[in-house]
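Colleague: What follows is a predicted structure for the sequence shown.
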Amino acid sequence: MKLIVIFGPQAVGKMTVGQELAKCTGLKLFHNHMTIDLVSNFFSYGSAPGKRLVSLFRQEIFEEVAKSDLPGLIFTYVWAFDMQADWDYVQKICGIFESKGGGVYYVELEADVEERLERNKSPNRLHHKPSKRNIEFSEQDLLRSMDKYRLNSYEGEIRKENYMRINNTRISPEEVARMIQEQFQL
């Protein structure tokens, strides 16, 4: 069992890289908006009920996958490195897989903000993430979050054996997926 955590700021390409990685590895993709957009039909993601439900759905999926006969899971996440709660959350979900003998692989993506603003409008993103279809709001949220949070790690901050960082500003999702597959022998 493998858990591949792909993280980075909004519109960096986590889901798209995850889609390509799923194609070449056979692992299932669980992108973070699968639960966010489900719950947002009922409660704002920023509300207490919204956060609680997203957390519950994710927890249940992680636990079921970890004890299943699936080969693994790809999960995408926007990790705020200046928030201890996000560090704790990543450790919690990784612990679910590690407790079942699974391996965890960390992939950090980074890209220039201009490229991320373009990707924010991509048809694939808008198709799979209904809450991003209000482009003006989505762009403002992307820019505000850069001011509010640190969404990429400092050099050497992540001390995991199975970790790689990729600046994918000018690299196709297919190539990034191949790099991940080769690095971790997936």
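Modeller: Yep, it's here.
Colleague: Where does the prediction get shaky in the protein?
Modeller: By pLDDT under 70, the chain contains no weakly predicted segment.
Colleague: Going along the chain, name the strands of it.
Modeller: Ranges of strands within the chain are 2-7, 28-30, 72-77, 103-110, 163-167, based on DSSP state E.
Colleague: Now render those as TSV, adding distance to residue 122 and mean neighbour count.
Modeller: To be clear about C-beta, it is placed using only N, CA and C from the backbone, and glycine gets the same treatment. Converted to TSV, the strands of the chain look like this (distance: least, Cβ to Cβ, whole Å; neighbours: other Cβ atoms under 10 Å):
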stretch	distance to residue 122	mean neighbour count
strand 2-7	17	24
strand 28-30	16	19
strand 72-77	15	24
strand 103-110	15	22
strand 163-167	18	16
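Colleague: Chain neighbours aside, what residue packs nearest to the residue minimising distance to the centre of the chain?
Modeller: In the chain, the centroid-proximal residue (Cα atoms, centre = their mean) is residue 76; its distance is 1.6 Å. Excluding its sequence neighbours, the residue lying closest to residue 76 (Cβ to Cβ, 6 or more residues apart in numbering) is residue 14, at 3.9 Å.
Colleague: what do you get for residue 9?
Modeller: residue 151 (3.7 Å).
Colleague: ok, the one you found touching residue 78?
Modeller: Yes. If you go by Cβ atoms under 8 Å, residue 151 and residue 78 touch, sitting 6.4 Å apart.
Colleague: For those two, indicate the residue with more neighbours.
Modeller: residue 151 (21 against 16; other Cβ atoms under 10 Å).
Colleague: check contacts around that one.
Modeller: 8-10, 78-81, 145 (Cβ atoms under 8 Å, 6 or more residues apart in numbering).
Colleague: need the strands of the chain in TSV with distance to residue 36, can you?
Modeller: Formatted as TSV, those follow (distance: least, Cβ to Cβ, whole Å):
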stretch	distance to residue 36
strand 2-7	15
strand 28-30	12
strand 72-77	11
strand 103-110	18
strand 163-167	24
